[in-house]
Every structure is written in structure tokens, then in C-alpha cells.
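>>> take this sequence and fold it.
(2 chains, ligands or ions: 2)
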Amino acid sequence: MTQLNVVGKSVVRPDAYDKVTGGKHYPVNYSLPGMLHGKLLRSPYPHAKIVAIDTSEAEKLPGVKAVITHADVPQNVFTPVYFVPAHAKSMVQDFVVMSDRVRWAGQPVAAVAATSADVAEAALQLIDVEYEELQPVFDPEEAMKEGAPQLHDNAPNNIAKAPSFSFGDLEAGFAEADHIFEGVYQTQRVHTCYMEPRVCVVDSETDGRITVHSSMQHGFGLREKMAVALGIPESKVNVVKPTYIGGGFGGKLDVGHIEPVAALLSLETGRPVRIEHTRGEDFIATTRNPIKVYLKTGVKNDGAYTARYIKSILDAGAHATHGAEVIMVHGLYGTFFPWKCPNQTWEGFSVYTNNIIGGGYRGYGAPQGCFAVESQNDEICEKLGLDPIEFRSGNTHKEGDPHPVLQGHTLNSYRLDDCLKKGAERIGFDRRAPANSSEGAKKRGIGFACHPLWVSGCLGFPDIYEHSGATVKLNRDGTADVVSSCIDLGSGQITMLTQVVAEELGLASEAVRVVYADTDTAPFDAPTHASRATYSAGLATKAAAVETRNRLFKAASAVMEANPGDLYLEDGKVLVKGAPDSGVPITEITARAESAFVQMTEEGPRLTTIEEKGTIIGSASQAPPSNPSPVAAQFVEVEVDTDTGEVKVLHVVHAADAGRVFHPKAAEGQVEGGFQQGMGYALMEHLQFDQDTGACLSSDFLDYKIPTSMEMPPKIESIFVESNEPTGPYGAKSMSELCLIIPAAAIANAVYNAIGVRVTELPITPERVLRALGKL
Amino acid sequence: MKQIIQLDVNDEVHEIAVQPYDSLLRALRETLGLNASKRGCDSGGCGCCTVLLDGKAVYSCMTMAMQVKDRKVTTVEGLGKVAGLDPIQQAFIDADAVQCGYCTCGIMMAAKQLLAENPNPDEDAIRKGISGNLCRCTGYQKIIEAIQLASER
Ligand code: FES
Ligand code: FES
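Ligands and ions are numbered 1, 2, ... in the order given. Model prediction:
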């Protein structure tokens, strides 16, 4: 690997100063003079037709400036997911911003803009809606049956999408097996729990243009969806990139209701309109889709797979939105291709129900798959007495193998075996006792899981945007500005972009600033999602910085009378190769580039050259060359109290191959934060709904518990098995989502090792543990 | 009906009009434009809104503005500025404890109370001290390191 000065170091995050002194740039702080406040009226019924809406009383309330219902909203049908075109063939178009048909409890049916949030809230109470209730269906398997209530006309049996893949000969594979394992693994609905709510301020101009400030994860996707929702050209929508947002984790990856509704209210009133979700509204905005996985696997005595059949039923909720893609990613990268099995069939069903809409969430279908497959792998090893690490190693890919999904691509960097080995050593896997062998009521267990195939972006996925762009400009004071549409969700995208530019321009990272961007002026970037920012936006920004450097060398060659090819950068200076004393400060080159042709000096006029003139700037917009797979294995030690059913995580070791690590501390932060979400998923989080009314029972963190500092294990250790991904920026590939894909499976396997019975439904609550132990 | 109250925030006394049902968080953010205290839930569940009230950490969303009229409120705006950061702010930066940062201001205020009462807290005491504050990004490990770091300095 080449010697690097900035990349690979835990530099201070540039945004940290602002955040510890108050964090003034969060979208939630944004306001405009004359701004109105919007609120949404939501349906109490999960399935109904709106017969009539009377808004006259609400309109009379002093302070109310506009009230809209479905009758005021364009009935344009589209996919609200940011990362695909609104009418992508691979997705399902079934979403309108407001409709006279209600499909989930909480669906917005009207909206108010008023001079204060209190007035808007009061006005909602004055809107009279007459509903005709329809029979709801909440269970996806019930919804697939003949005679079930139908949610969408063009989806018989409520099947929004039913993809499948197959290769080999399944029957022959099972016939060849020495053992066949069958299981059903159920995961639940959870929320990403970003801390900053979804919020927007939308303003409109007299020519119909709108400007959007929002807490979302993708500016360009928001622009496109707003245009489609409102039926106006994209160029009429400008989305301002937030400086940073208070978390996203995939939960801010689709246009919901607030932005288009705020736009309509603003167009009607001519004033800016702000809408902020309450926490209760955030809980019903988007969620991780529950998936039930039926898994049947054939193996030889030595543990080699012979056949696998997988059926996955995903609860899409009222609209397909992400559910049409989550099911695909779950199938391809969550269950099917990670493992090497010669005969496989996967069938997926994304099914409409009257539950709330699913959505993006870090890992996107893979935690559900990893939990199923890795739970069953553990069962296989246990039953056949196989070494669980050799078993994983034997049934997965190797460095240099062809990429199992992307034709023509290779697994250039792939160190799963090292992750397994190092993780096992660190936790002391050889001290693991047989299942249920510790004495007393509190039983210890060690378990692990891995995920053998994941992504660094979406190259190769049908219809999903993947290109990135950036502009890099050198200033006369020797600093550089970067314009990029890559949004920092908290995982460090600003830092990563500054590191790339500093590295290429020989600057200190503090000399680089990520500056204002909006969709009018900045190049396109796909969203911050799919673990893609470092790989994809990193590569594009690197290319832009290289352009800038070339331009600098061109100017410098005129100043220094040297060949551009003979120049290099060091410590803020341009030097000629082989002449270490030749250095001219970058600031001098940029100052001359930005100044007049004739300069007055103490000694009289000085002529400079035409060649050195012009802003030192470079830009790039490009798709990445590949989609390398990161891999990781996670080892967990738990203690299960067999009297109370409580599971406590004691120790975690996460070993990952993320290629070259850009920022070791930030990378550890991803592992630690990912584990918190994964542990919540495994043990406690479950968004629950009233069985009759479909109403969400969680409106705040008192009803929806996520791990606090008290529940978190004392130690989460990160091991980075550094490899060199040749297609990545400086050898890097992705890492973040794997940190949440694996924990539920690892914890479930550790719980099994502790108590000797397996819980196959998440979350593994005390009640489920006691039930598994036969104590309830 | 709105009432005029005097609110002492960061040693500056403001005269503001509030509704009897306005929370301190609302008064800080919407009336005084002090945005460091964040709204994460508005119901006492996340701690993003934590401020000090006479040195004690409270959820400002669960505290009525009227209730605190004779008391001292401290928010992150009352800690250091970039030119002279409070040790807790510097420690959060140095430990890389700030990811999205939305929880940061609230957690730093909880840590201020903790360190004032117990200048050398062990890990357990730190975990307890911030147990009323949620963070969804960091898993708390680097936040705990930051508080340890601040206590050592
Ligand atoms: S906003 Fe006050 S505790 Fe969440
Ligand atoms: S840093 Fe994002 S919630 Fe704590």
C-alpha cells in the first residue's frame, strides 16, 4: 500500500466543534421569516374509504392559513424511494401523497398550515372526516389467502412483488444430502430511531419554484420525488443539502408526506411552511420490514451444503415502497448468494397488509436473512458435531473467486477466514463449553455469526442510482473547498471527504472544508445508504481532487518553468522531482492564478503568464468501477438468567474486512453503534400494534425501549483485518451495515449455547426465553 | 393566556412571554433561539433536551418554563465556545464521541452534573449518570471514554 498522510488516521471530525457547541446546522433548527407551521390529520382506521371531509370549521379558526385534503393533492402514483426513479420498472408504483382510500392507521388524510404549531394542532380537531370502514388484514400469510381483504387493485392476493432465483437441481441436491434441516425464523418490525425527527421547511416562489430544507438522506431523490408528487418539472425544485443530520440509518430514505404537503401548503399561502414529526409520527413513518423465513437445508456428513430452499415472506405494510427492494436484497445478499450451495431456490413474497409502511434500515433485508441462515448453520454444526468455524469457512467464498452476483467482477479482497480466526482468538472461542453446561441459574454462552457477502453501494442492482460527483476548489489562502451532495448522517462523510481531498492535494485535513451544496448547483450523488459513501463518493471526490491537482500543476509549471509531469506536492508546496529545494507554496500558485496578468511590485510591473491564470478547480462525476464485498464475523458472550429469562451481553468482538480503514476511530464507532442497534433488534425492540385497530402502541421511547448505557455490554472490541481493495479509494471498501446485520444471529447463537434451546423469533425477550425453557 | 416571566439562562436574565403549558425546551428553542437543547421525543424518553437546573440535569421538555422562573438554567450555549472549550466538550471531540451529534449536547449536560458531584467516576457511575440519555449512533462506548477523559483532565 502506498504511504498515506491523512487517510488511515483518526483526524478530528470537522463538524464535531459545531456539534459540541450547540449544533446550529441541524435541519430541525432551520426557520424562515413569516414561516407557517403545518400539521397532519391522521386516520384512526387501518382500512377505510373517506366518504366526506368537512374542513370549514378548521378554516375559520384564527391563525389557520390553509387546509388541504386529498382533493387538493395531485393523484400521481409513484415509488417514493429516493434511490430509484419514481417509475422504476423493478419497483412498485402504488403511493400517492394523500388519497381517499386509507390503508393503514395513521395515514394522513388532511393537513393544516397555521401561524403556530398549537393553532395547527387545534385546527386538526375541527376537521370532520366521515369514513366507511373496511375489513383490515394484518398478517401477511392471511393476506395472501383467497378471500382476504384486497389492498391494491392490481395486486391479487396482496402480493406486491414475488421474485425468485434458482440454480442447480434442488431435488437432486436434497436427495444427495445426509441430513436435512428445516426451520422457520421470524423477525419483527423495528424503527431506526434516528434522534433528529423528520422535519422540513418548504418555501415557494411566485414562478412556482420551491426550495426544500429537509432532514433526509438524499437531496436529488427528494427533488425528483417532489417533482413527481406535485406534477412539476424537476428544475422547479431545489433541495438544499443539510450540513449534517441527526441520524438516518435508512429511515430517511423515502419521501413521506411532510415535504410534498408542506410544498402544497406553501404554494397555497405563498409563505414558507415547516412540518416536524412528533416521535410518535416518526415511529409510523418507516420501519424495518418483518420477514418470516422458511429455511430447508441439505448437508453432507462433513458439513458441505447440498441443497437449500428458502421462502421469505415480507410484510410490506400498506404500500410497497422499499418493500419491493428489501425483499430482493434480502434474497440476493441476505440469504442466497452469501453462501456456496450448489442447488438453491429462493422464493420471496412482498405482501401488502394494513400495517404501517416498511422502509430502509441499515442492512436492508440482510439482518433478517443472516438471523435465519446463521441460526440454522449453528443448529447444523451442533447436531452434526462440526467445527462451526470450519463449517463457515467451507461453505463460503474465497479471495479471488468470481463475484457470485456481479458478472465479470471478482472478489478481489475477501478475508472472511481471517475475520473468523482473529475474532475466535480474541474472544477465546476454544473455551466455549457445550450448550447448557454451566451450573446455576445464570448461564453463560458464547456464539458467533458472520455475513459472507455484502455491498459497497448498488452497482449492478437494477434501476438503482450509483454515481457520485464533486467539485474541489483551491483557495488563495491555501485551503480547499469541496462541493458534494453526499449527506453526513453522523457516520463521518464530511470527515471522509476532507481526508480524500487533503490526501490528494497534500494539505492538512483542517485545510479542507465541505461547503454549501444544493441540487441546483452541485453534481448528482446517490443517497448516503448501502454502505456506499466512502467507496463511491470517496472515489468521485478523489477524481475531482486529482483534476484540481492537475490544474494546479499546469499553473505551477508555468510559474516554475517545469514540466507538469515532474511536479509533486508536499507540505503545502509544489516541488520539482529531484530538486527538493525547488518548492513554491501552493498559496503562491493559487494567488498568481487568481490575479491580474500584470502585477505591480516594489520593483515595478511584473508580467506573469496567461497559462497560469484561472481558478484552480476540478470536478468529477462518475460511477464506481465495482461493488466490492466487505465481510465480517462477530463473536458474543452472553449470560442468560434462567429464572427471569433476561439475556445480558457481556463481551463482543467484531472482526471485519473493510479494506483499508479510513479513520480507525470512526470505524470503531460504526461497530459500537451498529451493535447497539443489533442488540436492540435481538433482545428488546419491537414496534407493536393493536391487534384490532392497527394503531401503533409506541409513541415514544417509554413504550419503545432501545439499549441505554446500562444494557450495553462493558466491552465491544473491533478488529480490522486490513485488506487492499484495488478498486476502492486507497484500498477501502464499505463496513457500516455489517455491524448491524450480524449481531442478532450472533446473540441468538450465544443464547443457544448458554441454555441449550433455540429461540427462532426476535426479539429474544425474557418471556420467549422462559417459554423456550418450558417455564411459561 | 401568555405570561411574562424572567428566565435566567447561562447567567443572562431574559424577559419572555410563555403559555402556562410551554415547556422549558420550547422557551429555550422557540422563544430564545437557543438551539443546543434538542427535541428528540418531547416526552422524557431521550434526554436530547437535557439542561442543568441549579446544577441538576433535567429534561427541559418535561419542565414547565413557568416552574423555573427563579432558578438558574444552564445549556450548552453556557459552556465553552470554540476558542475556549469546556473540558467535557474537548473530551467529546478527542474521544470521537460525536457522530450525528444530536444527543451530544444533552449527554454533555448530564455528564456535567455527574462530574460536578463525582469528579472521578468509575465506569459504572458514568453508565448510570448517562442512563437517562439515548444515543443511537455510538453505542455509548466512546461517550463513556470521553467522560473518563474529561474526569482525568
Ligand atoms: S426531548 Fe426531552 S427527553 Fe426527549
Ligand atoms: S451521536 Fe447520534 S444520537 Fe448520539
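
>>> from residue A:484, how far out is residue A:522?
Separation of residue A:522 from residue A:484 (CB to CB, to the nearest Å) stands at 7 Å. Heads up, the C-betas are built off the backbone N, CA and C, glycines and all.

>>> what do those two both touch?
Taking CB atoms under 8 Å, 6 or more residues apart in numbering or on different chains as the contact rule, residue A:522 and residue A:484 both touch A:469, A:471.

>>> count of residues packed around residue 109?
In the absence of a named chain, chain A is used. 22 (other CB atoms under 10 Å in any protein chain shown).

>>> nope, chain B please
If you count neighbours by other CB under 10 Å, residue B:109 ends up with 27.

>>> in a strand, it, correct?
No. Secondary structure of residue B:109 (DSSP: H, G, I helix; E, B strand; the rest coil): helix, not part of a strand.

>>> enumerate every residue touching it.
Neighbouring residues of residue B:109 by CB under 8 Å, 6+ apart: B:50-52, B:57, B:74-76.

>>> residue A:522 and residue A:484: which has the busier surroundings?
A direct count of neighbours by other CB under 10 Å for residue A:522 and residue A:484 places residue A:484 higher, at 28 against 21.

>>> and of the contacts of residue B:109, the nearest to residue A:707?
The closest of these to residue A:707 turns out to be residue B:50 (CB to CB; 18.3 Å).

>>> distance check, the closest one against chain A.
13 Å (CB to the nearest CB, to the nearest Å).

>>> that residue is in contact with residue B:37, isn't it?
Yes. With contacts counted by CB atoms under 8 Å, residue B:50 reaches residue B:37, the gap being 7.3 Å.

>>> not counting residues beside it along the chain, what's closest to the residue of the stretch 101-250 of chain A found nearest chain B?
Ranked by CB to the nearest CB, the top residue of the stretch 101-250 of chain A for proximity to chain B is residue A:246, at 3.1 Å. Sequence neighbours aside, residue A:196 is the residue nearest to residue A:246 in space, at 2.4 Å (criterion: CB to CB, 6 or more residues apart in numbering or on different chains).

>>> got a list of what that neighbour touches?
Here residue A:196 is in contact with A:26-28, A:215, A:245-247, B:38, B:40, B:100, B:102 (CB under 8 Å, 6+ apart).

>>> out of those residues, which are inside helices?
Among the contacts of residue A:196, the subset assigned to helices under DSSP state H is empty.

>>> and the strands in the stretch 401-550 of chain A?
Using DSSP state E, counting those that start in this stretch, the strands of the stretch 401-550 of chain A run over residues A:442-451, A:468-474, A:480-484, A:512-514.

>>> report all helices and strands that the longest helix along chain A contacts.
Longest helix in chain A, counting residues (DSSP H): helix A:538-560. Using 3 or more CB pairs under 8 Å, 6 or more residues apart in numbering or on different chains; DSSP states H and E, the elements in contact with helix A:538-560 are strand A:468-474, strand A:480-484, helix A:493-505, strand A:567-570, strand A:573-576, strand A:579-585, helix A:586-593, strand A:617-622.

>>> can you do 6 Å?
Secondary-structure packing of helix A:538-560 (3 or more CB pairs under 6 Å, 6 or more residues apart in numbering or on different chains; DSSP states H and E): strand A:468-474, helix A:493-505, helix A:586-593, strand A:617-622.

>>> for chain B, what are the nearby residues on chain A?
A:16-17, A:19-20, A:22-24, A:29, A:193, A:195-196, A:246-247, A:279, A:490, A:665, A:669, A:672-673, A:675-676, A:700-702, A:708-710, A:712, A:716 (CB under 6 Å from any CB of the partner chain).

>>> and of the contacts of residue B:109, the nearest to ligand 1?
Ranked by distance to ligand 1 (CB to the nearest ligand atom), the contacts of residue B:109 are led by residue B:50 at 7.3 Å.

>>> can you report phi and psi for the nearest residue to the closest one once chain neighbours are set aside?
Nearest in space to residue B:50, with sequence neighbours left out and distances taken as CB to CB, 6+ apart, is residue B:106 at 3.7 Å. When read as degrees, to the nearest 10, the backbone of residue B:106 gives phi -60, psi -40.

>>> in this structure residue B:106 contacts residue B:134, no?
No. Taking contacts as CB atoms under 6 Å, residue B:106 lies outside contact range of residue B:134: 8.9 Å.

>>> could you chop the chain up by domain?
You didn't say which chain, so I picked chain A. Recorded structural domains for chain A (assignment: automatic domain parsing) are A:16-22+A:467-622, A:31-136+A:194-283, A:158-187+A:288-386, A:396-455+A:626-776.

>>> nope, chain B
If you go by automatic domain parsing, chain B breaks into B:3-78, B:87-152.

>>> Throw those into JSON lines and include distance to ligand 1, thanks.
Listed next are the domains of chain B as JSON lines, based on distance: least, CB to the nearest ligand atom, whole Å:
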{"stretch": "domain B:3-78", "distance to ligand 1": "3"}
{"stretch": "domain B:87-152", "distance to ligand 1": "8"}
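
>>> which of those sits most buried?
Looking across these with neighbours counted as mean count of other CB atoms under 10 Å in any protein chain shown, the highest average goes to domain B:87-152: a mean of 23.

>>> gap between the two ends of that domain?
Across its full length, domain B:87-152 reaches 10 Å between end residues, using CA to CA, to the nearest Å.

>>> can you pull the contacts of residue A:726?
Applying CB atoms under 6 Å, 6 or more residues apart in numbering or on different chains to residue A:726 gives the contacts residue A:412.

>>> swap in residue B:34?
Neighbour list for residue B:34: B:28, B:75, B:77 [criterion: CB under 6 Å, 6+ apart].

>>> measure it to residue A:506 for me?
Distance from residue B:34 to residue A:506, by CB to CB: 41 Å.

>>> coming back round to it: run the chain-centre distance for the longest helix of chain A.
Offset of helix A:538-560 from its chain centre (CA atoms, centre = their mean, to the nearest Å): 32 Å.

>>> quick one: buried residues of it?
Within helix A:538-560, the residues scored as buried using 16 or more other CB atoms under 10 Å in any protein chain shown are A:538-545, A:547-549, A:551-560.

>>> one more: stretch A:335-353?
Neighbour-count burial for stretch A:335-353, counted by 16+ other CB under 10 Å, picks out A:335-341, A:343-353.
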